[in-house]
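next come a sequence and a model predicted from it.
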Amino acid sequence: ETEIQTPDPPKRLRSSARRDAKIGTDAPAPAPAAARKRPGGQDAAAAADSKRRRAEHPSSGSRDRNPHHRPQQKPGDGGKGKRETMRASHILIKHEGSRRKASWRDPDGVAISATTRDDAADLARALRDQIAAGELQFDAAARDNSDCNSAKRGGDLGPFEKGKMQKPFEKAVIALKVGDMSDVVDTESGVHIILRTG
């Protein structure tokens, strides 16, 4: 009787070893690069440590010469890299043309979908007139009428940087002096009455 020898089934390689294996063979790839020495006798761990130290203490590298790199504002940096912030409160009245036809006041958007842009603008102007006449406080008007979540804070949006709001809104805020109130401002969200507060 002759014994037939069958080759051992190939051993299953771990997924990383399979990925690193040479194509067409079952042999794993050479040892990972971390075990190799780098030119100059530096191993991978020392190279990573050196790279980390360079990141903590940047030199006059390409980042310093990049005209598009804008440094982030850091506390106590003396204004270097500081971006101008502004602050405003607003009353938003959404309408059928608003990009999102739902709000905290009208989650299903039934009333918003039935409101025309002109009706929304008329309501905003009426509120503005009452506020300007001293019959109504801005924050109370916002709490009772605004479709924005900021209504819960009397319409206060908090501080924001240039470029963070929709262009027509931002343009209106920039045009206002602190304490001034806008006329109706149209954005994709709806119509707004804006009070610049900072």
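Yes, it's here.

got the CA positions of stretch 141-148 in PDB?
Taking C-alpha atoms only, stretch 141-148 is exported to PDB below (Å, rounded to 0.1, in the frame of the first residue of the first chain):
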ATOM      1  CA  ALA A 141     -41.300  89.500  20.200                       C
ATOM      2  CA  ALA A 142     -38.600  86.900  19.300                       C
ATOM      3  CA  ARG A 143     -39.800  84.400  21.900                       C
ATOM      4  CA  ASP A 144     -43.400  84.700  20.700                       C
ATOM      5  CA  ASN A 145     -42.900  84.900  17.000                       C
ATOM      6  CA  SER A 146     -39.500  83.700  15.700                       C
ATOM      7  CA  ASP A 147     -39.300  80.300  13.900                       C
ATOM      8  CA  CYS A 148     -35.600  80.000  14.800                       C
END
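
okay, buried residues for that stretch please.
Ala141, Ala142, Arg143, Asn145, Ser146, Asp147, Cys148 (16 or more other CB atoms under 10 Å). Backbone N, C-alpha and C define where each C-beta goes, glycine included.

quick check, nearest of those to Arg99?
Closest to Arg99 out of the buried residues of stretch 141-148 is Asp147 (12.1 Å), distances taken as CB to CB.

these two touch, right, the closest one and Ser103?
Yes. Between Asp147 and Ser103 there is a contact under CB atoms under 8 Å: 3.7 Å.

joint contacts of these two?
Leu92, Lys94, Ile112 (CB atoms under 8 Å, 6 or more residues apart in numbering).

mind putting those residues into CSV with neighbour count, distance to Ala133 and pLDDT?
Compiled in CSV, the shared contacts of Asp147 and Ser103 are given as follows (neighbours: other CB atoms under 10 Å; distance: CB to CB, whole Å; pLDDT from 0 to 100):
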residue, neighbour count, distance to Ala133, pLDDT
Leu92, 26, 21, 97
Lys94, 26, 25, 96
Ile112, 22, 27, 95
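
for the longest helix along the chain, name the packing helices and strands.
The residue-count maximum for a helix in the chain (DSSP state H) belongs to helix 117-132. Here helix 117-132 touches strand 85-93, helix 138-145, strand 190-196, going by 3 or more CB pairs under 8 Å, 6 or more residues apart in numbering; DSSP states H and E.

ranking those by burial, who's on top?
Using mean count of other CB atoms under 10 Å, the stretch among the helices and strands packed on helix 117-132 with the largest mean neighbour count is strand 190-196, at a mean of 26.

rewinding a little: and the longest helix of the chain, what's buried?
Going by neighbour count (16+ other CB under 10 Å), the buried part of helix 117-132 is Arg117, Ala120, Ala121, Leu123, Ala124, Leu127, Arg128, Ile131.

the third one touches Gly190, doesn't it?
What it means is Ala121. No. Here Ala121 does not reach Gly190: they are 9.5 Å apart, not a contact under CB under 8 Å.
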